[in-house]
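Engineer: Here's my sequence, what's the structure:
(chains A and B)
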Protein chains: 2
Amino acid sequence: MSQAKITRKKQLQIVKEKHDQLPQIMTENDIECWLVFARETAANPDPVMDHVVGGDIVWESAFLFFNVNNQFKMVCLVGNFDEPAEKRKEIWDVVISYKEGITDPLRQTIKKYNPKNIALNFSEDDVVADGLSHGMFLKISKILPEYSDRFISAATLIRAIRGRKTTTEVDLITNACKITEKINNSVSSKLKIDMSETEIQQLYYDEMEKYGVIEAWQRDSCPSIDAGPDKEVGHVGPLETSFTKKGHTLHNDFGVKLEGYCSDLQRMWFFGKQEELPEELIHAFETVRDAIIKASEFIKPGLTGYSADKIARDHVISRGYDEFAHALGHQVGTHAHDGGVLLGPLWERYGDTPKGLIEEGNVFTLELHVKTKNYGVVSLEENIVVTKDGCEFHVPPVKQFIFIE
Amino acid sequence: MSQAKITRKKQLQIVKEKHDQLPQIMTENDIECWLVFARETAANPDPVMDHVVGGDIVWESAFLFFNVNNQFKMVCLVGNFDEPAEKRKEIWDVVISYKEGITDPLRQTIKKYNPKNIALNFSEDDVVADGLSHGMFLKISKILPEYSDRFISAATLIRAIRGRKTTTEVDLITNACKITEKINNSVSSKLKIDMSETEIQQLYYDEMEKYGVIEAWQRDSCPSIDAGPDKEVGHVGPLETSFTKKGHTLHNDFGVKLEGYCSDLQRMWFFGKQEELPEELIHAFETVRDAIIKASEFIKPGLTGYSADKIARDHVISRGYDEFAHALGHQVGTHAHDGGVLLGPLWERYGDTPKGLIEEGNVFTLELHVKTKNYGVVSLEENIVVTKDGCEFHVPPVKQFIFIE
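Structural biologist: From the prediction side, this is the model:
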């Protein structure tokens, strides 16, 4: 029985928790109206629907959150066939439905509350705050032409609503991490030399089926399996032609989705005894492990994302390695890459996301790798949740290679 | 073992078939460059990625299809970590990768081919042609400012590429329909009076697990199960408090996803003997069934979507019923609602989609309902593929109620 999908009851519970967070977040960001404008979300989902609507809709729909004159109102405006399902949720102050077109009821609703700004789901930098398609943006601009100068980006709001995990959400991610580790342990007990990467991936698939979980990202590379020194770094899947060998390492990048929430961990094995571990691998492993620990000791609410990245990056460089060509950490939630503030360097492709501030309740990966001359890449990844004055690991961070003798 | 996801091999086969269709489709639509601009597609997918890329990417990526001076070139431009996976696919003429930002290589590529127009994935009316988010639109406008007056919508191109199913795709949809009918038959043999709607839904879930398929749309209402005369029409899930009764009908709306492709069928049961069927239900059932048959006899390539809708709608009205408050048919493919030309009336909420022309290879639902005074709604749905000069049903259309004695 699959446990990959969240139960209806728990999803609506999280939606209610998120609705409870909204007045505060809207006030902080000086937003009077947040408009989630969506259609056919099964084909083209807005990632924030899971958090504040809970389920798909078919026709053009407007989910309106008003925070005007200290009054908070949630209005759901959907096609007539979507109305019964929304009413049954009992999460909206008002449910309005239409038959032929959304224009009139939407215009009336906006007119009634007359908000000074209308936040829409677009962002150049943050994929999960960018759920409004360009066609839908053109459409809403035509429906509300006299309000289009009030349109602003909802990115800061969405960052907060997704990023500030509730206890229900943190528990789900912890559970996903625990199952990930159980599966890693199960597979460890079956590892031998001369196994192909694809064979090892199949061991993971078998265990995932046993636990009723699914992959946290694209199945081809979840888990990614990298045996030996010659594997390219990147989002490349396991190869049939690459085998575990005595004296070589094995690396994986693996996460599961359990009840809608993800884990994202990297682990490493060595085929041999601990005393056979070459100095080069010891040095590399300690570098990566300690960079993660140093970053975790540094992280607390209020710091910028790039400042945390720098701690790990500087450590790696100080130990004589090239810096890693990616960010130290991304947020984890309903997606393995959950958007929002990034623990990353100030590179073009990360836009403004590393400049954001770390907040309590944020869940991040801490991940990096270094390249060794003779043994390939050494890479680890942990998941942490930011607490009031620091952070905690969801499952204990690794201290050493797992040895397969 | 789940068969819900398409195998890597078959997906790349379809991608290649779609790439083969592209030069012709681009020429027909006078498009010199089609730019699929995407990032983090696991979190915020562009629905057309499955058809022309085949798999997710993490960093900002540009998939460029050029059809300039009768030369067709496919250029894949991705972040360095996504490069190995794209190279391994062996579907691109050129794979280019970047580390820090996509701007320079993307500008250089556009400059090299200098296309007179650049089609982007946005559409006000067609959800699956609207995969470009507004934030990404703003971004590409900044990356290519001097080309922004060449931006056009790729909607007509996407309609064709998604709509013209290849034989591989048609076979997958037929297989999904066949399994749907097998599951309907299995469940039929277990139906009794005094079963709740949720109990019946569970029978479906059990069978879906047996066949290794998943729901074609939101699980809550896939299948939808409607017992007796009092159920509201719409996307409402089964109720624990609604039971099958002697002399009542049962209705479902059910589709499965098999190897990435969907079915979408509606069937009806009557609890009693055929000779006990009331005249009112006979009249309603024949109306719905015959409206579908009439539409199917009418449909062929070159007709408008609304003209096919009108055949069924007029038939229903001529038999003394209110017209149905939805379209006669939507396309089916990787999504149950697959976008493109719609067999629908010219209502605001359908935009221009019913004005499009039906093409060979299109897969449509034919679905409608009528309301009876004493027995609730009678509703059926079939799936058809448009052939050279007509259309064919994927599985035989229903002729009568399934009787549960």
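
Engineer: When you work out contacts or count neighbours from here on, use the C-alpha atoms and nothing else.
Structural biologist: Will do.

Engineer: And the strand or helix carrying A:Leu106, what does it pack against?
Structural biologist: Here A:Leu106 sits within helix A:103-113, counting by DSSP states H and E. If you count contacts as 3 or more CA pairs under 8 Å, 6 or more residues apart in numbering or on different chains; DSSP states H and E, helix A:103-113 packs onto strand A:61-68.

Engineer: how about whichever helix or strand comes after the strand it packs on against chain B, any contact?
Structural biologist: Downstream of strand A:61-68, the first helix or strand assigned by DSSP H and E is strand A:71-79. No: using CA under 8 Å from any CA of the partner chain, strand A:71-79 never reaches chain B; the gap is at least 9.4 Å.

Engineer: Could you do stretch A:237-245 as well?
Structural biologist: Yes: Stretch A:237-245 reaches chain B (CA under 8 Å from any CA) through A:Gly237.

Engineer: what's that stretch in contact with?
Structural biologist: By CA atoms under 8 Å, 6 or more residues apart in numbering or on different chains, the residues outside stretch A:237-245 that reach it are A:192-199, A:201, A:220-222, A:224-228, A:250, A:271, B:85.

Engineer: With just CA atoms, put that stretch into PDB.
Structural biologist: Taking C-alpha atoms only, stretch A:237-245 is exported to PDB below (Å, rounded to 0.1, in the frame of the first residue of the first chain):
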ATOM      1  CA  GLY A 237      21.700   7.900 -13.800                       C
ATOM      2  CA  PRO A 238      23.400   4.600 -12.900                       C
ATOM      3  CA  LEU A 239      25.200   2.700 -15.600                       C
ATOM      4  CA  GLU A 240      25.000  -1.000 -16.400                       C
ATOM      5  CA  THR A 241      28.700  -0.900 -17.300                       C
ATOM      6  CA  SER A 242      30.000   0.500 -14.000                       C
ATOM      7  CA  PHE A 243      30.700  -2.000 -11.200                       C
ATOM      8  CA  THR A 244      31.700  -1.900  -7.500                       C
ATOM      9  CA  LYS A 245      35.300  -3.000  -6.900                       C
END
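
Engineer: Enumerate the positions of it that are buried.
Structural biologist: Buried residues in stretch A:237-245, counted by 16 or more other CA atoms under 10 Å in any protein chain shown: A:Gly237, A:Pro238, A:Leu239, A:Ser242, A:Phe243, A:Thr244, A:Lys245.

Engineer: now swap in stretch A:283-303 and tell me
Structural biologist: For stretch A:283-303, using 16+ other CA under 10 Å, the buried residues are A:284-285, A:287-293, A:295-296, A:299-301.

Engineer: ok, and what's touching it?
Structural biologist: A:308-309, A:311-313, A:315-316, A:319, A:357-360, A:366-372, A:378-382, A:384, A:386-392, A:398-401.

Engineer: Centroid-nearest residue for chain A?
Structural biologist: A:Asp338 (2.4 Å; CA atoms, centre = their mean).

Engineer: That one contacts A:Val332, doesn't it?
Structural biologist: Yes: between A:Asp338 and A:Val332 there is a contact at 4.9 Å, judged by CA atoms under 8 Å.

Engineer: Got the domain ranges for chain A?
Structural biologist: A:8-162, A:164-404 (automatic domain parsing).

Engineer: is chain B contacted by stretch A:85-96?
Structural biologist: Yes: remark: stretch A:85-96 sits within contact range of chain B at A:Ala85, by CA under 8 Å from any CA.

Engineer: what sits up against that stretch?
Structural biologist: Against stretch A:85-96 from outside (CA under 8 Å, 6+ apart): A:12, A:16, A:73-78, A:83, A:105, B:235-237.

Engineer: Kindly report the same for stretch A:316-335.
Structural biologist: A:162-163, A:169, A:173, A:216-217, A:260-264, A:287-288, A:291, A:309, A:312-313, A:337-345, A:362-371, B:42-43, B:99.

Engineer: can you pull the pLDDT of A:Glu360?
Structural biologist: At A:Glu360, the model reports a pLDDT of 96.

Engineer: what mean pLDDT does stretch A:91-106 have?
Structural biologist: 94.

Engineer: A:Ile358 contacts A:Thr304, doesn't it?
Structural biologist: Yes: between A:Ile358 and A:Thr304 there is a contact at 6.0 Å, judged by CA under 8 Å.

Engineer: Compare those two (neighbour count), which wins?
Structural biologist: Legend: neighbour count by other CA atoms under 10 Å in any protein chain shown for A:Ile358 and A:Thr304, higher for A:Ile358 (26 against 21).

Engineer: which residues touch that one?
Structural biologist: A:Ile299, A:Lys300, A:Pro301, A:Gly302, A:Leu303, A:Thr304, A:Gly305, A:Val341, A:Val386.

Engineer: try 7 Å this time
Structural biologist: The neighbours of A:Ile358, taking CA atoms under 7 Å, 6 or more residues apart in numbering or on different chains as the test, are A:Lys300, A:Pro301, A:Gly302, A:Leu303, A:Thr304, A:Gly305, A:Val341.

Engineer: With respect to pLDDT, which of these ranks lowest?
Structural biologist: A:Val341 (91).

Engineer: how near is that one to B:Ala38?
Structural biologist: For A:Val341, the distance to B:Ala38 (CA to CA, to the nearest Å) stands at 20 Å.

Engineer: got any ranges where the stretch 201-350 of chain A has weak pLDDT?
Structural biologist: Residues of the stretch 201-350 of chain A meeting the criterion pLDDT under 70: A:232-236.

Engineer: could you redo the last one with a cut-off of 90?
Structural biologist: Scanning the stretch 201-350 of chain A for pLDDT under 90 picks out A:212, A:217-221, A:230-239, A:337-340, A:348-350.

Engineer: where exactly do the helices run in it?
Structural biologist: Taking DSSP state H, counting those that start in this stretch as the criterion, the stretch 201-350 of chain A contains helices spanning A:279-298, A:305-318.

Engineer: Run a quick neighbour tally on A:Lys190.
Structural biologist: A:Lys190: 10 neighbours (other CA under 10 Å).

Engineer: Spell out the secondary structure type for it.
Structural biologist: coil (DSSP: H, G, I helix; E, B strand; the rest coil).

Engineer: and the gap between it and A:Ser242?
Structural biologist: Computed as CA to CA, the A:Lys190 to A:Ser242 distance reads 17 Å.

Engineer: With A:Leu106 instead?
Structural biologist: Per CA to CA, A:Leu106 is found 58 Å from A:Ser242.

Engineer: Same check on A:Ala119?
Structural biologist: 50 Å.
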